[in-house]
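Engineer: Quick check, what structure comes out for this input:
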Amino acid sequence: MFGEIATDVLEGASLEDIPEAYWAPLREGWMCDKTGAWLLRSFKSSYFGPHCSPDDVVGYEASVNGRGIPDIDLSSTGIQRARELAKRGYAFARTALFGLRRMTDHPIMEAYISICRVDDSGDDDLYTGSVTFASPRPNEANYLEDVEDIRDCAILILEISDCDTPLPLIPMERGA
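Structural biologist: Predicted coordinates for the structure are as follows:
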């Protein structure tokens, strides 16, 4: 499914696509905690799940840094809704990773943007999305080790190395 929406997401995303709920985490930035996990400071302060185990820093990062893509204001359905969710998730993820790049000793971080059809809604055209961040680590499995086997969601993995420039304030014209 990301093949159907990837061009629009990658070429047309701008800072205007970032939902209001994501601006506080972007302003507060990143932190490295005592376990070596890199976390969005705002998300860490509102996380009440299990603490990090020494052998699963990747899972801890993904848990703390994971959030749903705000969609309550979207009235679209079908592939258009999937595109809008993907663009929001991509704009947030890219901006967050761009901010992390500016920090000293940052890890090789990846963003995982997922867009899934809501199966139990009774509506084949309803989609939901989420974004999380995790860093590959030696001797630990990647967050989504078997991403090619996932069939019920579209997954876009964005690497920090892809985020060396900021998004524009307004969408760029195609061909500009």
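
Engineer: quick one: what helix or strand has the most centrally placed residue in the chain in it?
Structural biologist: Centroid check for the chain by CA atoms, centre = their mean gives Val131 as the closest residue, at 3.1 Å. Per DSSP states H and E: Val131 is located in strand 127-134.

Engineer: could I have that strand exported to CSV, CA atoms only?
Structural biologist: The C-alpha coordinates for strand 127-134 follow below in CSV (Å, rounded to 0.1, in the frame of the first residue of the first chain):
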residue,chain,number,x,y,z
TYR,A,127,-7.4,3.6,8.2
THR,A,128,-5.4,4.4,11.3
GLY,A,129,-1.7,5.2,11.7
SER,A,130,1.1,5.3,14.2
VAL,A,131,4.7,6.4,14.4
THR,A,132,7.5,5.2,16.6
PHE,A,133,11.3,5.5,16.8
ALA,A,134,13.9,2.9,17.7
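
Engineer: That one - contacts with which helices or strands?
Structural biologist: Contacts defined by 3 or more CB pairs under 8 Å, 6 or more residues apart in numbering; DSSP states H and E place strand 127-134 against helix 57-65, strand 67-68, helix 78-101, strand 110-117. No exception for glycine: its C-beta is placed from N, CA and C like everyone else's.
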